[in-house]
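Chemist: Coordinates only, no sequence provided:
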């Protein structure tokens, strides 16, 4: 079956530091890949996505590139802010008729200090 | 516009009591609907999905059930809650190649 493995957390950084959260996946076929963010006390928000190999998703300064050869979709941001403190989830969908059947990683808690 | 609502947002229930979480979707017809759960310290897990009225698929064995009485209504239920049912429950639907999540329901079983 499908699986998503995320870097263990929690991750603690100072403001303006560089962020990388690793994500690797196992899937049959050619899945779409996502990063979701959950801010404290809120629901899940789509941060970015990529639907095919070598695609780069980007949003709010975050980026991730779909690497089929390494089955990875690592999340990066050049300079984090306190407001980026949240839980980040990597996920995949095999698409097709049930696009919303997502397989999630375990989540990575990010805390950014001033 | 397309929207998704779920309620209640928060509830505290005793062990052995029943549960009903409701999710409704607006602005789309015949959506695929999903229930996910996030247990404490863990990732999100797909519980149920539905491709049409009365059609429910269960992804994991558990103490919960789901129903879809109307095209845009999805209900998560339990007859007798267990402590292990505590968690954050999310309803979702997909439209085209986009997935939309509800606001979530926090359930604490005591």
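Modeler: Yep, that arrived. This is a predicted model, so every value here is computed, not measured.

Chemist: what pairs with the most centrally placed residue in chain B across the strands?
Modeler: Taking Cα atoms, centre = their mean, the centroid of chain B lies closest to residue B:35, which sits 3.5 Å from it. In this entry, residue B:35 is beta-bridged to residue B:48, residue B:91, by DSSP bridges.

Chemist: Report pLDDT for it.
Modeler: We note a pLDDT of 96 for residue B:35 in this prediction.

Chemist: correct me, but it touches residue B:90?
Modeler: Yes: using Cβ atoms under 8 Å, residue B:35 is in contact with residue B:90, at 7.4 Å. Where C-beta positions appear, they are placed from N, C-alpha and C, glycine not excepted.

Chemist: Those residues of chain B touching chain A, which are they?
Modeler: Residues of chain B found near chain A (Cβ under 8 Å from any Cβ of the partner chain) are B:32, B:34, B:36, B:42-46, B:49, B:51, B:90, B:92-94, B:96-99, B:101-104.

Chemist: make it 7 Å
Modeler: Listed as neighbours of chain A in chain B under the rule Cβ under 7 Å from any Cβ of the partner chain: B:32, B:34, B:42-44, B:46, B:49, B:51, B:90, B:92-94, B:97, B:99, B:101-104.

Chemist: For ChimeraX, write the select line for the buried members of these.
Modeler: The buried residues among these can be selected in ChimeraX (16 or more other Cβ atoms under 10 Å in any protein chain shown) with this line:
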select /B:32,34,43,44,46,49,90,92,93,94,99,101,102,104
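
Chemist: just checking, which of the residues of chain B next to chain A belong to strands?
Modeler: Judged by DSSP state E, strands contain the following of the residues of chain B next to chain A: B:32, B:34, B:44, B:46, B:49, B:51, B:90, B:92-94, B:99, B:101.

Chemist: Pull the number of nearby residues for residue A:59.
Modeler: Burial of residue A:59 is recorded as 14 neighbouring residues (other Cβ atoms under 10 Å in any protein chain shown).

Chemist: ok, it - contacts?
Modeler: If you count contacts by Cβ atoms under 7 Å, 6 or more residues apart in numbering or on different chains, residue A:59 has them with A:47-48.

Chemist: Any idea what residue A:19 is bridged to?
Modeler: Beta-bridge pairing of residue A:19 under DSSP bridges involves residue A:77.

Chemist: Wait, it touches residue A:76, no?
Modeler: Yes: taking Cβ atoms under 7 Å as the definition, residue A:19 is a contact partner of residue A:76 at 6.3 Å.

Chemist: These two: which is more packed in?
Modeler: Shown here are residue A:19 and residue A:76; by other Cβ under 10 Å, residue A:19 has more neighbours (18 against 15).

Chemist: For the more buried one, give its distance to residue A:113.
Modeler: Distance, residue A:19 to residue A:113, using Cβ to Cβ, to the nearest Å: 13 Å.

Chemist: My read is that residue B:72 contacts residue B:22, right?
Modeler: No: using Cβ under 7 Å, residue B:72 is not in contact with residue B:22; the gap is 11.2 Å.
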